[in-house]
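Visitor: Next input, structure requested:
(2 chains)
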There are 2 protein chains.
Amino acid sequence: MSRPKNDTFLRALLREPVDYTPVWLMRQAGRYLPEYCETRRRAGNFLNLCKNPQMACEVTLQPLARYELDAAILFSDILTVPDAMGLGLYFAEGEGPKFERPLRSEWEIRDLQAPDPNVHLRYVMDAVAEIRRALGNSVPLIGFSGSPWTLACYMVEGGSSDDYRTVKTMLYDRPDLMHRILQVTATAVTNYLNAQIESGAQAVMIFDSWGGALSHAAYREFSLAYMRQIVAGLKREHDGERVPCIVFTKGGGQWIEAIADIGCDAIGLDWTTDLGEARRRVGDRVALQGNMDPVSLFASPEKVAVEAKRVLDSYGSGTGHVFNLGHGISQFTPPDHVTALVDAVHSHSRRGLAVG
Amino acid sequence: MSRPKNDTFLRALLREPVDYTPVWLMRQAGRYLPEYCETRRRAGNFLNLCKNPQMACEVTLQPLARYELDAAILFSDILTVPDAMGLGLYFAEGEGPKFERPLRSEWEIRDLQAPDPNVHLRYVMDAVAEIRRALGNSVPLIGFSGSPWTLACYMVEGGSSDDYRTVKTMLYDRPDLMHRILQVTATAVTNYLNAQIESGAQAVMIFDSWGGALSHAAYREFSLAYMRQIVAGLKREHDGERVPCIVFTKGGGQWIEAIADIGCDAIGLDWTTDLGEARRRVGDRVALQGNMDPVSLFASPEKVAVEAKRVLDSYGSGTGHVFNLGHGISQFTPPDHVTALVDAVHSHSRRGLAVG
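Guide: Below is the predicted model:
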């Protein structure tokens, strides 16, 4: 196995020279694409789509057929791991994910076990392998998982939450129970990401979607410590190639020095952080991924291009930048605005990197 | 007129020596208090309560009767200003604030005018005067307003929003219209806060609740620039006393150097920012207000006290800190946990400041 023909994404993550800034979009396979909605309709529901490797592969490839994206990302849900732990994931229409059996009682927490990803999450590994076959040697495939803290939020709350009242009350009142959940989940995520790497994922990303809801102190103890443990346990090389690891804490812009210290290759940033300042703060320890406001894609294609250039210029010249949005693309995004974005990133950065 | 008997809050904001760290809580007069719910029921609805100076005074004083708080804050809604501009504020039960006539068309935006606060917001000035009389010489009264950007979010969206899609699309596509709204609103807010100061407010706070939803660049252009303009236009002295001004951008922890530069006396911080680091970053330019996670009040009173001490210790010794939550208190907070919080802040900081 060698690197894919278009390895710009991997090169940027490893801070090797690139000809242009690579781009992919969080949630690039999703509801803003009519072809995705069609496949999802065929699947019956979202969970069927995640659990069917052929269909997961199909939707993973859809945005790559439309846009000149530099990476594919496994189509899956972040809650597959707690589902495999037996919590019973389901989706109530229009309400987001929910668990039939949220973690509340001490004995359930003591009984929690990390699942074997090659058994209980076989469908994910099959999807990874299927997507790699379908991608051939074109662009790299990103595997991913939710962070332990983010998964724990859903596991304890039983679904989405405005204020994380249940899980934070546990964190403050019973830190021992919170740490037990996070410890088991960190082991589960490590095994899950390593199984994805063995199945063919060429980079992995940890989504800490709710880390930014924690206080400065609690973030370090209850989210970052477990991501550090995962990063330390990851297979960083597979088939003779380095497998870069990206850590993204939404709302974590204040904490990037600490995040850079956990040993990841790149940090994902939301749109509130200036890329140039972030670059100065982390130095040459990590690459940066991000960070256009996804809502700016609602502006006209001309204004989308202007904003993309602003984001590129805020990073400056040289390698180490993967262009992305600062959060998942909105389901209401006009698909042709994404064309304008991808074109602007490629053409503007080609000029910039040629000069810079 | 002289300073109130308990002027610890004002002293901390002006970084004068204090015997202990003063504390008040954002939304301290609110639904977590049964006596508030009773008054609100009597008023019929929330807007009646805001528009009746006697009742607004009554609920403003309720938390001070229960807790040893070091400041009162005017009970009002942040949307009184756009209401006075003619947008038609109303509250749909369980849905939050809405406007009958959101700002969308160019001619409506061109027609927008800053209201005369002493005419169209007379009820607020009457409430301020009434509360000052009722407080006597006990503790200072804080006046407040929403920031232009935060008000504009509601004015353009027509209510709360998950993603600020309408207002941000205007920001990116028609920055000229966005600036026109913000300019008129900044004038309106300046006049509104000055009228509150003339009516008796002894400190003022600008709530930029949605500034943190903006990109680093857009925050400076569309939120901070207008708060700078307001701060420059505020009466900073009244009745021979300095009137301190606090600026709070929720989610703005990354931008505090820039916020400190606009000339405010203090910066409000949410719980994601470490107070000690913030203090090092802003130096002696401003005081800091905050920043305990409001959800930590759901932990046991013992754990609430532990967390309060952690927040105090993160600031360190010396004046310049006003204790607060990092956001408004939750309506579900057990009222006796607030007693534990206020006691812990006072007793722990008395020891700390005596030593430090």
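
Visitor: Which of the helices or strands spans A:His348?
Guide: In this assignment (DSSP states H and E), A:His348 forms part of helix A:335-355.

Visitor: Report the buried residues of that helix.
Guide: A:337-338, A:340-346, A:348-349, A:352-353 (16 or more other CB atoms under 10 Å in any protein chain shown). All C-beta spots, glycine's among them, are computed from the backbone N, C-alpha and C.

Visitor: With distance to chain B and pLDDT as new columns, can these be given to me in TSV?
Guide: Listed next are those as TSV, based on distance: CB to the nearest CB, whole Å; pLDDT from 0 to 100:
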residue	distance to chain B	pLDDT
A:His337	11	98
A:Val338	15	98
A:Ala340	13	98
A:Leu341	13	98
A:Val342	18	98
A:Asp343	18	98
A:Ala344	14	98
A:Val345	16	98
A:His346	21	98
A:His348	16	97
A:Ser349	18	97
A:Gly352	18	80
A:Leu353	22	76
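
Visitor: which bits of the stretch 151-300 of chain A sit near chain B?
Guide: Neighbours of chain B within the stretch 151-300 of chain A, by CB under 8 Å from any CB of the partner chain: A:163-165, A:168-169, A:172-173, A:212, A:214-219, A:251, A:253-254, A:271-274, A:277, A:291-296, A:298-300.

Visitor: Which positions in stretch A:173-187 come out as buried?
Guide: A:Asp173, A:Arg174, A:Leu177, A:Met178, A:Arg180, A:Ile181, A:Leu182, A:Gln183, A:Val184, A:Thr185, A:Ala186, A:Thr187.

Visitor: Looking at those residues, which is nearest B:Leu141?
Guide: Relative to B:Leu141, the closest of the buried residues of stretch A:173-187 is A:Asp173; by CB to CB it sits at 35.4 Å.

Visitor: Let me know how buried the closest residue to that closest one other than its chain neighbours is, in neighbour terms.
Guide: Distance criterion CB to CB, 6 or more residues apart in numbering or on different chains; nearest residue to A:Asp173, sequence neighbours excluded, is B:Ala299 at 4.7 Å. For B:Ala299, the count of nearby residues is 22 (other CB atoms under 10 Å in any protein chain shown).

Visitor: quick one: B:Ala299 and B:Met26, what's the gap?
Guide: 19 Å (CB to CB, to the nearest Å).

Visitor: which among the residues of the stretch 151-300 of chain A next to chain B end up buried?
Guide: A:163-165, A:168-169, A:172-173, A:212, A:214-216, A:218-219, A:251, A:253-254, A:271-274, A:291-296, A:298-299.

Visitor: Now do the helices in the stretch 151-300 of chain A.
Guide: A:165-173, A:175-199, A:216-218, A:225-233, A:256-260, A:275-282 (DSSP state H, counting those that start in this stretch).

Visitor: wait, which of these is closest to B:Val204?
Guide: helix A:216-218 (27.3 Å).

Visitor: Next, the contact list for A:Ile259, please.
Guide: Going by CB atoms under 8 Å, 6 or more residues apart in numbering or on different chains, A:Ile259 touches A:Leu224, A:Met227, A:Val247, A:Thr249, A:Gly252, A:Ile267, A:Val286.

Visitor: show me where the stretch 201-350 of chain A has strands.
Guide: Applying DSSP state E, counting those that start in this stretch to the stretch 201-350 of chain A gives strands spanning A:203-208, A:237-238, A:241-242, A:245-249, A:266-268, A:287-292, A:321-325.

Visitor: and the first one, what other elements does it pack with?
Guide: Right, the one you point to is strand A:203-208. Contacts defined by 3 or more CB pairs under 8 Å, 6 or more residues apart in numbering or on different chains; DSSP states H and E place strand A:203-208 against helix A:8-13, strand A:141-146, helix A:148-157, helix A:175-199, helix A:225-233, strand A:245-249.

Visitor: Need the residues that contact the third one.
Guide: I take that to be helix A:148-157. A:78-79, A:81-82, A:85, A:87, A:97, A:99, A:102-104, A:146, A:160-161, A:164, A:166-167, A:170, A:178, A:181-182, A:185-186, A:189, A:207-211, A:213-214, A:222-223, A:226-227, A:230.

Visitor: And stretch A:298-317, what's buried?
Guide: Neighbour count says stretch A:298-317 has A:298-299, A:301, A:303-305, A:307-312, A:314-315 buried, by 16+ other CB under 10 Å.

Visitor: what's the helix or strand containing A:Ala127 in contact with?
Guide: Assigned by DSSP H and E, A:Ala127 belongs to helix A:122-135. With CB under 8 Å, 6+ apart as the test, helix A:122-135 has contacts from A:4, A:50-54, A:56-57, A:60-61, A:64, A:72, A:74-76, A:80, A:117-118, A:141, A:143, A:192, A:195-196, A:198-201.

Visitor: Would you mind checking the residues you listed for buried ones?
Guide: Counted by 16+ other CB under 10 Å, the contacts of helix A:122-135 give A:4, A:50-53, A:56-57, A:60-61, A:64, A:72, A:74-76, A:80, A:117, A:141, A:143, A:192, A:195-196, A:198-201 as buried.

Visitor: Quick one: low-confidence residue ranges for the stretch 251-356 of chain A.
Guide: A:354-356 (pLDDT under 70).

Visitor: Pick out the residue of it closest to chain B.
Guide: Across the stretch 251-356 of chain A, the shortest distance to chain B (CB to the nearest CB) belongs to A:Ala299, at 3.5 Å.

Visitor: Likewise for the stretch 1-150 of chain A?
Guide: Closest point on the stretch 1-150 of chain A to chain B, by CB to the nearest CB, is A:Gly96, at 11.9 Å.

Visitor: How about A:Phe99: what's its closest non-neighbour residue?
Guide: Nearest to A:Phe99 is A:Leu87, by CB to CB, 6+ apart, at 4.3 Å.

Visitor: From what I see, the one you found and A:Arg104 are in contact.
Guide: No. In this structure, A:Leu87 is not within contact of A:Arg104 by CB atoms under 8 Å, at 11.1 Å.

Visitor: Between these two, which has more neighbouring residues?
Guide: A:Leu87 (22 against 14).

Visitor: Can you give me the pLDDT of that one?
Guide: pLDDT recorded at A:Leu87 is 96.

Visitor: Please list all residues in contact with it.
Guide: With CB under 8 Å, 6+ apart, A:Leu87 has these contacts: A:Phe99, A:Glu100, A:Arg101, A:Pro102, A:Leu103, A:Met155.

Visitor: Report the buried members of those residues.
Guide: Buried among the contacts of A:Leu87 by 16+ other CB under 10 Å: A:Phe99, A:Pro102, A:Leu103, A:Met155.
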